[in-house]
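J.: Model the structure of this input:
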Amino acid sequence: MTKSATLTVQQWGNSLAVRIPAAVARSARFRVGQPVEVSAQDSNILVKALGEPKLTLAQKLAAFDPAVHSGEVMATGLVGNEVL
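T.: Model prediction:
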């Protein structure tokens, strides 16, 4: 289902901005943190999703499983100045 909205361009610092309404964002399957490409085509602006949203540190820590990700990384013995 295609959603549309009539919006007003606003000043945001030295740039211009338009908020994407929730219904339009859901229709485009946009999510917070998702990388997008913005391009101008004549008098039109195209906003295109580039991939999955990047995880926040809190999301990465929540997904961390010590049973899977902990322990020594190197499987070799001590070398050089480590040998005392």
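J.: only C-alpha atoms for contact and neighbour calcs from this point on.
T.: Will do.
J.: For Gly80, grab phi and psi.
T.: With angles defined as degrees, to the nearest 10, Gly80 sits at phi 60, psi -130.
J.: With Ala49 instead?
T.: phi -70, psi 140.
J.: and the gap between the nearest residue to it once chain neighbours are set aside and Lys54?
T.: Spatial nearest neighbour of Ala49, chain neighbours left out: Val36 (4.4 Å); criterion: C-alpha to C-alpha, 6 or more residues apart in numbering. Distance, Val36 to Lys54, by C-alpha to C-alpha, to the nearest Å: 12 Å.
J.: and what of Val47?
T.: Counting by C-alpha to C-alpha, the gap from Val47 to Lys54 is 18 Å.
J.: now do Ser4
T.: Noted for Ser4: a distance of 26 Å to Lys54, by C-alpha to C-alpha.
J.: Thr76 now?
T.: Counting by C-alpha to C-alpha - Thr76 and Lys54 are separated by 34 Å.
J.: Looking at the two, which one has more neighbours?
T.: Neighbour count, other C-alpha atoms under 10 Å: between Thr76 and Lys54, Lys54 has more, with 13 against 7.
J.: element containing the more buried one, please.
T.: Assigned by DSSP states H and E, Lys54 falls within no helix or strand.
J.: was I right about it contacting Gln34?
T.: Yes: under the criterion of C-alpha atoms under 8 Å, Lys54 makes contact with Gln34 at 6.4 Å.
J.: quick revisit: count of residues packed around the residue nearest to Ala49?
T.: Neighbour count for Val36, taken as other C-alpha under 10 Å: 15.
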